[in-house]
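**Student:** what would the 3D arrangement of this be:
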Amino acid sequence: MRRPSTISPPVGRFADVLLSIDLPDLADDRRAEVTGFIEQRVSTLPSFTRFGVVVISFAVDLVSRVIGLERAAGLVTAKPLPFLAEYPRLVRSLGYAFIWETWPDTQPTGAAA
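**Tutor:** Presented below is the predicted three-dimensional model:
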């Protein structure tokens, strides 16, 4: 059995907030399922890639504890800084793929069809 990853909590918190901003009508239970999927996929990334995501996720998590998670998510998504901009892109691509593969009739706001 695989042990829980230490990256899961910061990635999960960020994914939850980012998805709630991007898809405000996505039901809480669906968002929780998507967040769990993202956490699981990130924990299985190749070691070098996972290391980069760990560093970025903990940095974003640290900043979010000072300025708040929504403001940190806004800052990370608004600034096209190398590597940092890839973090929300990774979270979004995993989340959006899961949502529209699992519930193909989902509306662009996240509402169930």
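**Student:** element containing the spatially most central residue of the chain, please.
**Tutor:** Per CA atoms, centre = their mean, the C-alpha nearest to the average position across the chain is that of A15, at 2.5 Å. Taking DSSP states H and E as the definition, one finds A15 inside helix 8-22.
**Student:** show me what counts as buried in that helix.
**Tutor:** 8, 10-20, 22 (16 or more other CB atoms under 10 Å). Backbone N, C-alpha and C define where each C-beta goes, glycine included.
**Student:** JSON lines for the residues you listed, including pLDDT?
**Tutor:** JSON lines is the format used below for these (pLDDT from 0 to 100):
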{"residue": "S8", "pLDDT": "73"}
{"residue": "P10", "pLDDT": "93"}
{"residue": "V11", "pLDDT": "94"}
{"residue": "G12", "pLDDT": "94"}
{"residue": "R13", "pLDDT": "94"}
{"residue": "F14", "pLDDT": "96"}
{"residue": "A15", "pLDDT": "96"}
{"residue": "D16", "pLDDT": "96"}
{"residue": "V17", "pLDDT": "96"}
{"residue": "L18", "pLDDT": "96"}
{"residue": "L19", "pLDDT": "97"}
{"residue": "S20", "pLDDT": "96"}
{"residue": "D22", "pLDDT": "96"}
